[in-house]
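Peer 1: just to be clear, the model below is a prediction. Sequence and coordinates:
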Amino acid sequence: MKFVFITLFPEMIRSASAWSILGRAAQEGLLTVDCVDPRDYATDRHRSVDDTTCGGGAGMVLKPQTFLAALDRARKLAPDALVAALTPVGEPLHQDRVCRLARSGRDLIFLCGHYEGFDERILEEADLRLSIGDFVLTGGELPALCIMDAVARFIPGVLGKQVSAEEDSFQDSLLEYPQYTRPVEYQGKTVPEILLSGDHAKIGQWRRKESLRATFRHRPELLRSMQWQKGDGKLFLAMEEEEKEKSRAAGKSQES
Ligand code: 4G4
């Protein structure tokens, strides 16, 4: 899969995609990362890529000429690509959208804005406007990198053989259960005994229950869209009872 970034800061993209799993995947040819810099398409003496906003006010906006010339070049590199603009007012990204982007079989061109954002005529060229969350950053490079990373995990061969992106947190709207490695005891804190029992049915139940607990504690709104499996009802009720008991005990200890 091809990822093309239209960015004034190509080194940000190149340096961030050279490491770890993405770096290896790029080396193996499972994905390619290209950058097109709008500044290379500037024609004036100052090689300017931005200008003041029409209508007045502080701040600069990315000019259409240089950015769209860069987009033309990107489309030559990836003719069938979807064009995604990163903007704080885009559709908030979720794992199901990530999964659909990966499955679409289309390459991706990312429009990374800076300064106060894009001239609207640049945005009109985008197929999608995406946001990675309700906060504002200085540029679209980090969100674009986040999206490439999330999508790349679905490309066959990018993750190791044993793990697959489909098995992760969010795939069925539940948070991941807690994980442990050796030592069995560390600074007085121990690994739950059941995980050392070798009883895979029991371990499976424990993990499911702890997934339900983590979701109940930290992201209860996700429980509405989770896919209930056989046995979940019983596990959920038992977990909820334990949680209530825990908060009763905490309340008592506060009284004294
Ligand atoms: C477009 C318009 C994305 C792009 C304005 C981009 C946060 C996100 C930008 C801007 C971004 C996000 C400079 C405000 C670049 N910030 N949440 N900044 N700004 O995905």
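Peer 2: Looks like it came in fine.

Peer 1: close to the ligand: what parts of this structure are there?
Peer 2: By Cβ under 6 Å from any ligand atom, the residues of the chain that approach the ligand are 86-88, 113, 117-118, 131-133, 135-137, 139-140, 143. No exception for glycine: its C-beta is placed from N, CA and C like everyone else's.

Peer 1: so which of those residues sit within strands?
Peer 2: Of the positions in the residues of the chain next to the ligand, 86-88, 131 sit in strands, assigned by DSSP state E.

Peer 1: most neighbours out of those residues, which is it?
Peer 2: Of all these, Leu86 has the most neighbours under the rule other Cβ atoms under 10 Å, reaching 28 neighbours.

Peer 1: Cys146 and Ser131 touch, don't they?
Peer 2: No: assessed by Cβ atoms under 8 Å, Cys146 is found out of contact with Ser131, at 10.6 Å.

Peer 1: helix, strand or coil for Ile147?
Peer 2: Assigned with DSSP: H, G, I helix; E, B strand; the rest coil, Ile147 falls in the helix class.

Peer 1: I figured it hits Leu93, correct?
Peer 2: Yes: Ile147 is within contact range of Leu93, at 6.5 Å (criterion: Cβ under 8 Å).

Peer 1: just want to know which of these two has more residues nearby.
Peer 2: Higher neighbour count among Ile147 and Leu93: Ile147, with 23 against 20, using other Cβ under 10 Å.

Peer 1: how near is that one to Val89?
Peer 2: Counting by Cβ to Cβ, to the nearest Å, the gap from Ile147 to Val89 is 16 Å.

Peer 1: list the contacts of the closest residue to the ligand within the chain.
Peer 2: The ligand sits closest to Gly117 of the chain, with a gap of 2.8 Å, by Cβ to the nearest ligand atom. Gly117 makes contact with 61-62, 87, according to Cβ atoms under 8 Å, 6 or more residues apart in numbering.

Peer 1: one step back: shared neighbours of Cys146 and Ser131, which are they?
Peer 2: By Cβ under 8 Å, 6+ apart, the residues touching both Cys146 and Ser131 are Leu93.

Peer 1: close enough to count as contact, Gly157 and Arg24?
Peer 2: No: when contacts are counted by Cβ under 8 Å, Gly157 is not listed as touching Arg24 (9.9 Å).

Peer 1: which residues does the nearest residue to Leu223 once chain neighbours are set aside contact?
Peer 2: Ranked by Cβ to Cβ, 6 or more residues apart in numbering and with sequence neighbours excluded, the top spatial neighbour of Leu223 is Thr215, at 5.9 Å. Going by Cβ under 8 Å, 6+ apart, Thr215 touches 173-175, 222-223, 226.
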